[in-house]
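> task: produce atomic coordinates for the following.
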Amino acid sequence: MTRRRVIYHGRVQGVGFRYTVRSIAGRHPVAGFVRNLSDGTVELVADAESPDLEMFLQDVASTLGGNITSTSDTPAPADALSGFRIRY
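Okay, the predicted model is just below:
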């Protein structure tokens, strides 16, 4: 199991970004969450087997790439997350 924390920069708040990510997550075997941060970015934390996680992140990037200007992507220790949610 692998966990990644990705911060998305760009026009990522107020455009349905979190809801789209949650919808994409429903098509992949991932667990985690997505949330807006106070600095105008969006944080995504996801756990999955490495190939599944890569496919999920590629799907997010290809679907929402027009809104994303840059990303900060860091590995993080995996623990038990269940489901995929929007956090507020």
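> surely R87 is in contact with F33?
Yes. At 4.6 Å, R87 counts as touching F33 under the criterion of C-beta atoms under 8 Å. C-betas here are computed from N, CA, C, even on glycine.
> in terms of neighbours, single out the busier of the two.
F33 (18 against 11; other C-beta atoms under 10 Å).
> ok, the more buried one to Y88 distance?
As judged by C-beta to C-beta, to the nearest Å, F33 and Y88 stand 10 Å apart.
> do R27 as well
On the measure of C-beta to C-beta, R27 and Y88 end up 23 Å apart.
> quick one: which of the two has more around it?
R27 (10 against 6).
> okay, now L57: neighbour count?
20.
> show me the residue at the heart of this structure, geometrically.
Nearest to the mean C-alpha position of the chain, counting by C-alpha atoms, centre = their mean, stands L44 at 3.3 Å.
> quick one: the strands in this protein?
Assigned strands in the chain, in chain order: 2-10, 31-36, 42-48, 68-76, 84-86 (criterion: DSSP state E).
> out of those, which one sits most buried?
Of all the strands of the chain, strand 42-48 has the most neighbours on average by mean count of other C-beta atoms under 10 Å, namely a mean of 22.
> mind listing the residues bridging to the nearest residue to R85 once chain neighbours are set aside?
Leaving aside its chain neighbours, R85 sits nearest to F33 (4.9 Å; criterion: C-beta to C-beta, 6 or more residues apart in numbering). For F33, the beta-bridge partners are V45, R85 (DSSP bridges).
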